[in-house]
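**Student:** structure for the following, please:
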Amino acid sequence: MVDFGPRYEVDVTPGVSHFLSKLAFQRSKTWPSRDSILEELDKNGGLADCQYHRDAFMYALTGFSSSFPSLLRVLSESLFQPIVTAEDIDSQREEVQFQIEELQRRLDPEPLLTELIHAAAYRNNTLGFSKFCPSDSVDLVSEKDVLSVLKRYFVPSRITVCGVGVQHDSFVETVHETFSGVTPAWEDRVVTPTRVDESVSQYTGGIVTNHSDSEPQRLVLNPLPELAHVAIGFEAASFHDPDFFPFSVLNVLLGGGGSFSAGGPGKGMYSRLYTDVLNRYHWVQNATAYHHSYSDSGLFCIYGSASPNQLPDLVQVLMDEFMRLSKPYGSEELSRAKKQLQSMLMMNLESRTVVFEDIGRQILATGKRRSPEELCDRIESVTSSDIQMACQKMMTQSPAVAAFGNLSDMPSYGDIDSAFAKGGRLPGRSNNFFGRFKF
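**Tutor:** Next comes the predicted model:
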């Protein structure tokens with residue numbers, strides 16, 4: 001795990017993280033081609049992957065436990081001795097451009113809404129920088145940008161190496177042998193700037209929209225109904241905030257999903273967004289809560305989808321759910337959410353891949369790893385008043401709003417912000433339940 005991601009792209013061309021993820025495990029000093037790296041991995045039953053978040057990069061290798069010394073050598077060279085030239089970067093431009101276009105065509109609106117709501121919440125700073133390369137930067141990302149990032153951020157103090165399914169002492173010894181004394185490929189390259197960005201995220205609130213008169217064409221046999229998508233959020237808890245656990249429980253308590261779901265026990269069909277929104281308003285196609293947490297901030301959001309002419313009603317329904325968050329929670333509802341969160345945690349940790357990422361991200365973010373037992377105890381200790389106080393504090397800010405699709409009927413940001421400050425009613429919206437229906 002490397003402490004670098006799009007949030008640090010302050011003084012380089014936006015999108016360098018996207019390119020860097022594509023350059024992972026392509027070429028290195030010992031293995032000068034992608035095929036030679038794959039051949040080395042095949043000999044050890046290995047697979048390689050690189051994923052990145054707004055605040056972290058994850059280089060992952062999996063293979064035979066007995067082959068971890070060979071896998072660590074591949075990992076070490078991929079981190080510190082990759083071959084990166086202008087030709088390597090040019091070879092990735094087409095794939096990066098394809099992924100950007102694919103983001104607009106996806107049936108699932110969540111990735112694009114996540115991008116837009118972060119841009120609205122942290123306008124032009126840190127966590128508001130796009131995870132994906134902007135279209136106008138695809139041809140601008142250069143060898144200099146990549147080397148600048150590698151030289152400043154790919155250093156021992158910002159890297160955590162973790163392993164699962166290996167003997168600890170032997171693993172630590174091999175890591176020292178493999179990583180110590182390695183001369184980075186960029187050591188003698190002159191790159192600027194040389195300072196590490198230490199900016200703290202600044203929540204701004206605001207609105208970011210992506211209006212189109214019709215949805216993008218998708219390769220499906222039967223045309224799907226045209227939908228508009230909205231997300232409303234507020235700054236919430238960071239990893240280090242005591243309110244992190246109340247917000248985590250609240251996220252499960254609200255739950256949500258699509259209007260059609262093959263539900264059943266444990267599928268969240270009794271969560272609040274299902275019972276109070278999806279089962280109540282037939283025209284709402286999706287309503288889901290999300291909690292994004294980082295080292296210095298967090299974002300709590302509710303997403304919704306409906307027909308474009310229902311946008312005012314959809315926004316009002318989402319606002320109603322936010323206004324209810326500061327009210328007391330029933331013991332059954334709260335207990336169900338806590339048990340479901342604990343169950344999800346324990347089931348996920350049955351996967352070695354999840355355990356690996358959990359260890360790496362916790363160490364990188366907090367400097368230590370909390371045991372599953374400690375996490376379950378913290379979840380169990382959350383009370384109704386904990387969630388209420390966290391939400392009351394959250395709701396003192398201006399909201400962040402994101403929307404895309406046909407937004408002709410979208411309420412203005414001024415109306416939404418003013419409504420939150422004055423009891424949660426948009427201008428012209430009736431308290432009458434039936435006032436929200438448009439047939």
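
**Student:** any idea which helix or strand comes after the host helix or strand of A48?
**Tutor:** Using DSSP states H and E, A48 falls within strand 47-52. Next along the chain after strand 47-52, taking DSSP H and E as the criterion, comes strand 57-62.

**Student:** which other residues reach that next one?
**Tutor:** By Cβ atoms under 8 Å, 6 or more residues apart in numbering, the residues outside strand 57-62 that reach it are 1-2, 4-5, 17, 20-21, 24-25, 41, 46-52, 71-72, 74-75, 78-79, 352-353, 356-357, 360. Quick note: C-beta positions are derived from backbone N, CA and C, even for glycine.

**Student:** tell me which of those residues fall in helices.
**Tutor:** Counting by DSSP state H, these place 17, 20-21, 41, 71-72, 74-75, 78-79, 352-353, 356-357, 360 in helices.

**Student:** closest one to C133 out of those residues, please.
**Tutor:** S17 (8.1 Å; Cβ to Cβ).

**Student:** tally of neighbours for the nearest residue to the closest one once chain neighbours are set aside?
**Tutor:** Nearest non-adjacent residue to S17, counting by Cβ to Cβ, 6 or more residues apart in numbering: P6, 4.7 Å away. Neighbourhood size, P6 [other Cβ atoms under 10 Å]: 23.

**Student:** can you check the pLDDT for P6?
**Tutor:** pLDDT recorded at P6 is 97.

**Student:** for the chain, give me the ranges with low pLDDT.
**Tutor:** 214-224, 260-268, 429-439 (pLDDT under 70).

**Student:** try 80
**Tutor:** For the chain, the stretches flagged by pLDDT under 80 are 107, 189-194, 213-224, 259-269, 428-439.

**Student:** longest helix of it?
**Tutor:** Longest helix in the chain, counting by DSSP H: helix 331-348.

**Student:** ok, now which ones touch the residue lying closest to T383 once chain neighbours are set aside?
**Tutor:** Leaving aside its chain neighbours, T383 sits nearest to L334 (7.9 Å; criterion: Cβ to Cβ, 6+ apart). For L334, the contacting residues are 249, 253, 382-384, 387, by Cβ under 8 Å, 6+ apart.

**Student:** about what we covered before: for the strand holding A48, list every residue counted as buried.
**Tutor:** For strand 47-52, burial by neighbour count (16 or more other Cβ atoms under 10 Å) applies to 48, 50, 52.

**Student:** now the residue lying closest to the last one once chain neighbours are set aside: how far from K29?
**Tutor:** Distances taken as Cβ to Cβ, 6+ apart place S21 nearest to Y52, at 5.0 Å, with adjacent residues excluded. Shown here: S21 relative to K29, a distance of 20 Å by Cβ to Cβ, to the nearest Å.

**Student:** higher neighbour count, those two?
**Tutor:** Under the criterion of other Cβ under 10 Å, the comparison of S21 against K29 puts S21 first, with 19 against 13.

**Student:** re the thing from before, go ahead and confirm the residue nearest to Y52 touches Q51.
**Tutor:** Yes - S21 lies in contact with Q51 (Cβ atoms under 8 Å); the separation is 7.2 Å.
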